[in-house]
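>>> What follows is a predicted protein model with its sequence.
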Amino acid sequence: MSNKETLGFQTEVKQLLQLMIHSLYSNKEIFLRELVSNASDAADKLRFEALEQPALLESDPELSIRIEADKAARTLTITDNGIGMSRAEVIEHIGTIAKSGTKAFFERLTGDAQKDANLIGQFGVGFYSAFIVADRVTLSTRRAGLPESEGVRWESEGHGEYTLETIDRAARGTEIVLHLKEGMDEFLDDWTLRRIVRTYSDHISLPIEMKKAASFDEDGKEVAGEGYEAVNQASALWARSKNEISDEQYREFYKHVAHDFSDPLAWTHARVEGSQEYTELLYIPSHAPFDLYDRERKQGVKLYVRRVFIMEDANKLMPMYLRFVRGVIDSADLPLNVSREILQQSRDIDAIRAGCVKKVLGLLDDLAANDAEKYATFWQAFGQVLKEGVGEDFANKARIAKLLRFASTHEDGAEPKVSLADYVSRMQAGQDKIYYITADSRAAALGSPHLEVFRKKGVEVLLLTDRVDEWVTASLTEFDGKALVSVAKGALDLGELENEADKAAQKEAEEAARPLAERITALLGDAVKEVRPTARLTDSPACLVVGEHEMSAHLERLLKQAGQDVPHAKPVLEINPSHMLVKRLAAEADDARAADLAQVLFDQALLAEGGKLEDPAAFVHRINRLMLELSA
């Protein structure tokens, strides 16, 4: 032995160890599931690397996991002959958490054991669960392909540091020895261990071996079993017939494949035959991972070829707007040496992807139609991501549109639950458009002056407050033959919702107010494109609108916040001729005071739509000056 050193855990690892022990203590037995799952992943990685380097299998091609309990020593040992780790990999994977999203992970922690346990599972650090039941853990490993002299032993009591030394190790793979805490003797019992394996890991596709069960001789004496036997089915779960798999087995496989401690929301399992032959088992999680918006994240759908794991970072298998989907796709047609480059150009993969997307959308269709509560859970977790599909997936745009949910003026609650079909079913006689407003928040949307005439006429308006909604409406211009129209764009046109008497009265009022509009246009100068009277307003004196085909003020703000240099479109100021403030301006003979009143109208309209004033101090001075003059 040589090169032994003591190293300190990364600060985040210390935090995670404490969190793991306290958050998961009430469900201690999952530590075995996590360690077995890691061992299975190590075997998958070896299979994949051995496709190009068969020598990595050395003289031990049969992959397995072995579990052994030593009651006298009070140790539990989990051994695999998978890929193993080098010294540098041990430090990287166990001593540190060097992955994107670490900061976001710790920011999401709440102190609630149940919620934090879910986060731990997503973060993929199940190895540390060993310290729930062990006060000392010894890991010995050698990476496939390295000489026996480059084995590594890692040991820690789960506090602030660990030791690392180079050892001679003949066997490839990893051995983890758990020195159990007092009170953890249940995990030395053969039948308990078998039950845990069958409950949580029966789906693992390589044998999980334990010593053969004891038997009894003719005199009733217990005789220790000889040799080892598999205690799981050791067959790929997705390859089995659906009627052979229980819901509990489906749920446990999800937890394995998704590194999640929660049950999935729903799943779809199918074998597809025809021009492409493949099996898919795809899951919708019940909650969003902490790094859902991290586009560098690697987790997703696992690709297998004839039950041999190929890769997980296969973005080609699922579009970005379905990046929350977890599961397995197993192809019977792809070559075993398929690479990421081949994936990018493969028509076979394109066909598999298209088929799996339809399956997932079909699963969501079913939830939306038959289980409103589950679909609401899905929408809360992944609705903003699914919305991206309207712009990304032209072939399925209409289908995705039916799955969208929005808040609206028709609903009191803040939760988005109105579908476009719901909206269309409630449209008033003569209404031929779907009206919406985009804003930073529900409160801002409901407070917008643009809604006033729609409230007066009882016309429903969708309240779009997600950042992605601007891109949704840019791509989704109609639904069921009805145009989607922003209430803050273009001149107001309510079509048949206005009767002829209303139209005539409005035209007369606009003509009467036109000289005032021209005067305000001159007073505001380059700040506006034009000023015009409107019937859009009932309570407010003025509002700002942009052209029907121009960028909305809300989108302009979003792009500027993102650091984009976007051209500013001059807005149109629409005025309410019947409002007292507008009448006061019309009667003002003093040009200076009229200019102040005109600027106040503009600034108030800008603030009402969520804009920012270029000179807030000037606005305050102007308001103060007018208040003093009016009170004099």
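Good, I have the coordinates. Numbering: from 1, shown residues only.
>>> Just say helix, strand or coil for residue 163.
strand (DSSP: H, G, I helix; E, B strand; the rest coil).
>>> wait, isn't it in contact with residue 154?
Yes: if you go by C-beta atoms under 8 Å, residue 163 and residue 154 touch, sitting 7.3 Å apart. Bear in mind the C-beta positions are built from the backbone N, C-alpha and C, glycine included.
>>> Of these two, give the one with the bigger neighbour count.
residue 154 (22 against 14; other C-beta atoms under 10 Å).
>>> what stretches of the stretch 301-450 of the chain score poorly on pLDDT?
Scanning the stretch 301-450 of the chain with the threshold set as pLDDT under 70 gives 313-314, 336-344.
>>> ranges for the strands of it?
Ranges of strands in the stretch 301-450 of the chain, per DSSP state E, counting those that start in this stretch, are 301-305, 308-311, 326-331, 407-408, 433-438.
>>> Can you pull out the residues in contact with the shortest one?
For strand 407-408, contacts defined as C-beta atoms under 8 Å, 6 or more residues apart in numbering pick out 413-418, 423, 442, 460-463, 465.
>>> could you redo the last one with a cut-off of 10 Å?
Around strand 407-408, the neighbours that count as contacts under C-beta atoms under 10 Å, 6 or more residues apart in numbering are 413-418, 422-423, 426, 435-437, 442, 445-446, 460-466.
>>> partners of it in the sheet?
Strand 407-408 pairs in its sheet with strand 462-464 (antiparallel), by DSSP bridges.
>>> follow-up on the earlier one: keep only those of the contacts of strand 407-408 that are in helices.
Members of those lying in helices (criterion: DSSP state H): 422-423, 442, 445-446.
>>> which of the residues in stretch 126-139 are buried?
For stretch 126-139, a neighbour-count test (16 or more other C-beta atoms under 10 Å) marks 126-134, 136-139 as buried.
>>> how does the chain divide into domains?
The chain breaks down into these domains under automatic domain parsing: 2-233, 239-370, 404-487, 499-631.
>>> Now do the last one: distance to the chain's middle.
Between the centre of domain 499-631 and the centre of its chain there are 40 Å (C-alpha atoms, centre = their mean, to the nearest Å).
>>> re earlier: identify whichever of the strands of the stretch 301-450 of the chain lies nearest to residue 218.
Residue 218 lies closest to strand 308-311 among the strands of the stretch 301-450 of the chain, at 47.1 Å (C-beta to C-beta).
>>> Show me which residues of that closest one are buried.
Residues 309-311 are the ones in strand 308-311 that count as buried (16+ other C-beta under 10 Å).
>>> That strand pairs with which strands?
Counting by DSSP bridges, strand 308-311 is paired with strand 301-305 (antiparallel).
>>> tell me the angle the strand it pairs with makes with strand 326-331.
Angle of strand 301-305 versus strand 326-331, following axes from the mean of the first three to the mean of the last three C-alpha atoms, to 10 degrees, is 20 degrees.
>>> Any chance you could give me strand 301-305 in CSV, C-alpha atoms only?
Listed next in CSV are the C-alpha coordinates belonging to strand 301-305 (Å, rounded to 0.1, in the frame of the first residue of the first chain):
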residue,chain,number,x,y,z
VAL,A,301,-34.3,9.2,-21.4
LYS,A,302,-31.8,6.3,-21.4
LEU,A,303,-31.1,4.7,-24.8
TYR,A,304,-30.5,0.9,-24.9
VAL,A,305,-29.8,-1.2,-28.0
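>>> Contacts only, for the closest residue to residue 327 other than its chain neighbours.
In this structure, residue 327 finds its nearest non-sequential neighbour in residue 282, 3.9 Å apart by C-beta to C-beta, 6 or more residues apart in numbering. Residues near residue 282 by C-beta under 10 Å, 6+ apart: 238, 254, 264, 266-270, 301, 317-318, 322, 325-329, 356-357, 359-360, 363.
>>> can you rerun that using 6 Å?
By C-beta atoms under 6 Å, 6 or more residues apart in numbering, the contact set of residue 282 is 268, 325, 327, 360.
>>> which of the ones in helices among the contacts of strand 407-408 count as buried?
Buried among the ones in helices among the contacts of strand 407-408 (16+ other C-beta under 10 Å): 423, 445.
>>> TSV for the ones in helices among the contacts of strand 407-408, including distance to residue 576?
Listed next are the ones in helices among the contacts of strand 407-408 as TSV, based on distance: C-beta to C-beta, whole Å:
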residue	distance to residue 576
422	32
423	27
442	24
445	20
446	19
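>>> among the buried residues of stretch 126-139, which are in strands?
Assignment to strands by DSSP state E places the following of the buried residues of stretch 126-139 there: 134, 136-139.
>>> need those residues in a markdown table with distance to residue 73, can you?
Formatted as a markdown table, these follow (distance: C-beta to C-beta, whole Å):
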| residue | distance to residue 73 |
| --- | --- |
| 134 | 13 |
| 136 | 12 |
| 137 | 14 |
| 138 | 12 |
| 139 | 17 |
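>>> now the helices: where do they sit in the stretch 451-600 of the chain?
For the stretch 451-600 of the chain, the helices defined by DSSP state H, counting those that start in this stretch occupy 452-457, 469-475, 500-524, 553-561, 580-587, 591-608.
>>> same deal with the stretch 151-300 of the chain?
Under DSSP H, counting those that start in this stretch, the stretch 151-300 of the chain gives helices at 190-200, 247-258.
>>> Go through the ones you listed and pick out the most buried.
Highest mean neighbour count of these: helix 247-258, a mean of 19 (counted as mean count of other C-beta atoms under 10 Å).
>>> Show me how far that one is from its chain's centre.
Centroid separation for helix 247-258 versus its chain: 19 Å, with C-alpha atoms, centre = their mean.
>>> Give me the packing partners of it, helices and strands only.
Judged by 3 or more C-beta pairs under 6 Å, 6 or more residues apart in numbering; DSSP states H and E, helix 247-258 is in contact with no other helix or strand.
>>> Averaged pLDDT, it. What do you get?
Across helix 247-258, pLDDT averages out at 90.
>>> Pass me the low-pLDDT residue ranges in the stretch 51-200 of the chain, would you?
In the stretch 51-200 of the chain, residues with pLDDT under 70: 95-125.
>>> how does it look with 90?
Filtered on pLDDT under 90, the stretch 51-200 of the chain yields the residue ranges 51-52, 59, 91-132, 158-162, 198-200.
>>> circling back to that earlier point, to residue 69, which of the helices of the stretch 151-300 of the chain lies closest?
Residue 69 sits nearest to helix 190-200 of all these, at 6.4 Å, using C-beta to C-beta.
>>> List of residues touching that closest one?
Helix 190-200 is contacted from outside by 29, 32-33, 186, 208, 231-232, 252, using C-beta under 6 Å, 6+ apart.
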